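Peer 1: what's the 3D shape of this:
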Amino acid sequence: MLALALVALVLAVPPPTVTAAPVQGSPVLVRITPRAGTTRLLCTVDRLRPRTCRRTNRLKLAPGRHVITAWAIGRRGRASAKRSVTVVVPRPAPAAVEVGGQPVGIAAFDSSLWVSDGSGGNVVRIDPATHAVVARIPVGGQLGGIAANETGVWVSVFDTGELVRVDPVLNEVAGRIAVGGRPTAIAFDTHGAVWVGNLDGRVSRVDPTARVVTKTVPLASGASSLLSVADPIWIGLQDGSLVPLDPGAGTLAGAAIAVSPDVDAIARTPVGLWVSTFDGLAARVNVATRRVVRRVRLPGRGGGVAWSGHAVWVSVYDRGFAVALDPLTGAYLDAVRTGGQPRESVLVGDTLWIVDQAAGALTPVALG
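Peer 2: Numbering: from 1, shown residues only. Now for the predicted structure:
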């Protein structure tokens with residue numbers, strides 16, 4: 001029996017190599033590279049009927065997740081082991097909600113969406129139920145990050161070094177606070193303070209009642225992103241690291257975690273933090289061990305990150321779509337096309353709202 005098994009092993013043809021980009025439009029390009037002794041290649045899509053395949057295949061596939069499996073047939077008719085690759089075909093883009101300008105940030109609070117128009121200097125209020133723009137509040141300057149809670153809607157003004165509060169009842173500017181530098185992302189801590197990052201390499205604490213800066217913490221690099229409503233607050237830096245801030249003490253709370261250049265967005269999930277980087281990486285971080293435990297190479301530059309309750313959604317800024325990742329393994333689960341340059345995103349009910357900077361619009365992705 002052992003001898004027969006050894007003969008069968010010798011006669012078997014080696015399996016082919018199967019490669020394909022993990023996210024691509026249809027027709028999907030799949031390359032199958034045979035090994036020596038191959039006389040024919042067979043493949044199947046989603047376990048359907050096998051067919052003869054070429055080395056280069058363009059398969060017309062519907063939107064969704066597909067598994068392409070291939071194997072080789074040798075001279076004596078023996079089949080090789082099978083090799084598979086998974087490809088996600090993005091769903092078509094839903095109807096966009098036009099907001100104008102070049103929106104960059106988005107926040108959800110009290111049955112409204114709040115968007116910062118980076119180029120137009122406006123905060124735009126949207127009703128997520130009707131998809132209608134209900135207010136356009138002039139702030140002025142080049143707007144950056146935006147966040148909202150019971151103290152108001154807060155937006156950073158990148159070119160004037162201000163943090164501005166918008167009154168959500170009156171839909172007008174209710175105060176301006178000089179924070180200096182080039183302010184970026186905004187977060188709230190559990191003690192009631194507002195924190196704003198700065199591209200000049202610091203983060204500032206603002207008392208929302210007194211409207212003054214009460215603490216400034218130096219950072220090793222410019223702050224690109226902050227995890228909103230958190231304790232500790234996690235800060236993503238342009239040098240590619242993630243640092244924790246103790247908001248009560250007003251000090252950094254441990255060593256930086258190296259991820260990849262320009263941490264663009266951060267989301268909390270039940271299995272740790274997921275972050276995206278502008279150089280094209282998504283990573284899962286174990287906050288207990290302070291280690292990156294999963295790295296996923298994205299199809300392009302990483303933008304916003306949002307947790308849907310089932311998947312991690314990452315905007316791919318230079319490819320015009322967003323992808324859904326398995327929170328544990330990082331496997332690609334889904335994808336949807338968006339407008340140009342998708343950036344930050346936020347979940348409202350069963351809809352993921354994605355900011356499309358170049359399109360001047362929002363893409364509402366139904367997940368339910």
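Peer 1: quick one: the helices in this structure?
Peer 2: Assigned by DSSP state H, the helices in the chain fall at 2-11.
Peer 1: can I see the domain layout of it?
Peer 2: If you go by automatic domain parsing, the domain ranges for the chain are 2-89, 97-366.
Peer 1: and those, which is most packed in?
Peer 2: domain 97-366 (a mean of 20; mean count of other Cβ atoms under 10 Å). Where C-beta positions appear, they are placed from N, C-alpha and C, glycine not excepted.
Peer 1: can I get the domains of the chain in JSON lines including mean pLDDT?
Peer 2: JSON lines is the format used below for those (pLDDT from 0 to 100):
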{"stretch": "domain 2-89", "mean pLDDT": "90"}
{"stretch": "domain 97-366", "mean pLDDT": "96"}
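Peer 1: helices and strands around the longest strand along the chain, which ones?
Peer 2: For the chain, the longest strand by residue count, based on DSSP state E, is strand 64-74. Contacts defined by 3 or more Cβ pairs under 8 Å, 6 or more residues apart in numbering; DSSP states H and E place strand 64-74 against strand 17-19, strand 28-33, strand 38-45, strand 83-89, strand 332-337.
Peer 1: how about a cut-off of 10 Å?
Peer 2: strand 17-19, strand 28-33, strand 38-45, strand 56-59, strand 83-89, strand 332-337 (3 or more Cβ pairs under 10 Å, 6 or more residues apart in numbering; DSSP states H and E).
Peer 1: got these as JSON lines, with distance to Gly175 columns?
Peer 2: Formatted as JSON lines, these follow (distance: least, Cβ to Cβ, whole Å):
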{"stretch": "strand 17-19", "distance to Gly175": "56"}
{"stretch": "strand 28-33", "distance to Gly175": "53"}
{"stretch": "strand 38-45", "distance to Gly175": "58"}
{"stretch": "strand 56-59", "distance to Gly175": "57"}
{"stretch": "strand 83-89", "distance to Gly175": "45"}
{"stretch": "strand 332-337", "distance to Gly175": "38"}
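Peer 1: any idea of the angle the longest strand of the chain forms with strand 332-337?
Peer 2: Inter-element angle recorded for strand 64-74 and strand 332-337: 120 degrees (by axes from the mean of the first three to the mean of the last three Cα atoms, to 10 degrees).
Peer 1: chain center to strand 64-74: distance?
Peer 2: Strand 64-74 sits 29 Å away from the centroid of its parent chain (Cα atoms, centre = their mean, to the nearest Å).
Peer 1: go ahead and confirm Val203 touches Ser224.
Peer 2: No. Counting by Cβ atoms under 10 Å, Val203 does not reach Ser224; the two are 11.3 Å apart.
Peer 1: any residues in contact with both of those two?
Peer 2: Counting by Cβ atoms under 10 Å, 6 or more residues apart in numbering, the residues touching both Val203 and Ser224 are 184-185, 197, 235.
Peer 1: out of the residues you listed, flag the one nearest to Ala62.
Peer 2: Nearest to Ala62 among the shared contacts of Val203 and Ser224: Ala185, at 37.9 Å, using Cβ to Cβ.
Peer 1: can you tell me the centre-most residue of this protein?
Peer 2: The chain has Val314 as the residue nearest its centroid, 2.2 Å off, counting by Cα atoms, centre = their mean.
Peer 1: that residue and Leu352, how far apart?
Peer 2: Distance, Val314 to Leu352, by Cβ to Cβ, to the nearest Å: 11 Å.
Peer 1: ditto for Gly192
Peer 2: Separation of Gly192 from Leu352 (Cβ to Cβ) stands at 29 Å.
Peer 1: and for Val365?
Peer 2: 4 Å.
Peer 1: between those two, what contacts are shared?
Peer 2: Common neighbours of Val365 and Leu352, counting by Cβ under 10 Å, 6+ apart, are 306, 308, 313, 322, 324, 336, 345.
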